[in-house]
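# everything below, folded, please.
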Amino acid sequence: QVQLVESGGGLVQPGGSLRVSCAASGFSLNSYAIGWFRQAPGKEREGVSCISGSDDSTYYLDSVKGRFTIARDNAKNTVYLRMNRLTPEDTAVYYCAARWAGTCHRTNYNYWGQGTQVTVSS
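The predicted model follows:
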């Protein structure tokens, strides 16, 4: 069964850090593009970051550049999103998604996880 499971979310103070994980089962994600998305209450889902499956090129939303880092660990079949200097505006449910074509895309992904809540608050 193909599955993506996010973990690592939680409550963190402004300025703090979290690392969220996206673990795949039922397929090997090393050739897939993996995207991280987030959706805050009352807002549309937005793409946060992506790592391509072809050459591990990385892409970031402008507001997270320099603070977030995406990386894959093929041995663990997992992709991580390290988030530093978090602000309340980063509060959202974070989702990962896999795209077999290997190239990052704004919305078109084959598999989606259920999401993990990240709350930034004092």
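# centroid residue for this structure?
Residue closest to the mean C-alpha point of the chain, counted by C-alpha atoms, centre = their mean, is Trp36 at 2.7 Å.
# partners of the strand or helix carrying that one, with directions?
Here Trp36 sits within strand 33-39, counting by DSSP states H and E. Partner strands and pairing direction for strand 33-39 (DSSP bridges) are strand 46-51 (antiparallel), strand 92-99 (antiparallel).
# and the shortest one, what's buried?
Buried residues in strand 46-51, counting neighbours by 16 or more other C-beta atoms under 10 Å, are found at Gly47, Val48, Ser49, Cys50, Ile51. Any C-beta I mention is one placed from the backbone N, CA and C, and that applies to glycine too.
# ok, the first one touching Leu61?
In this case it means Gly47. Yes. Between Gly47 and Leu61 there is a contact under C-beta atoms under 8 Å: 6.4 Å.
# which non-adjacent residue is nearest Ala101?
Take Ala101 and drop its neighbours on the chain: the residue closest to it by C-beta to C-beta, 6 or more residues apart in numbering is Ala33, 6.9 Å away.
# how much space between Ser21 and Val118?
When C-beta to C-beta, to the nearest Å is the yardstick, Ser21 and Val118 sit 12 Å from each other.
# my bad, should have said Glu89
11 Å.
# just want to know which of the two has more residues nearby.
Taking other C-beta atoms under 10 Å, Glu89 and Val118 do not tie; Val118 has more neighbours (23 against 11).
# now that one, nearest residue through space, not along the chain?
Nearest one to Val118, counting by C-beta to C-beta, 6+ apart, is Gly9 at 4.7 Å.
# now swap in Val20 and tell me
Nearest to Val20 is Gly8, by C-beta to C-beta, 6+ apart, at 4.1 Å.
# residues near the residue nearest to Phe27 when sequence neighbours are not counted, how many?
With C-beta to C-beta, 6+ apart as the criterion, Phe27 has its nearest non-adjacent residue at 5.4 Å, and that residue is Val2. Using other C-beta under 10 Å, Val2 is surrounded by 10 other residues.
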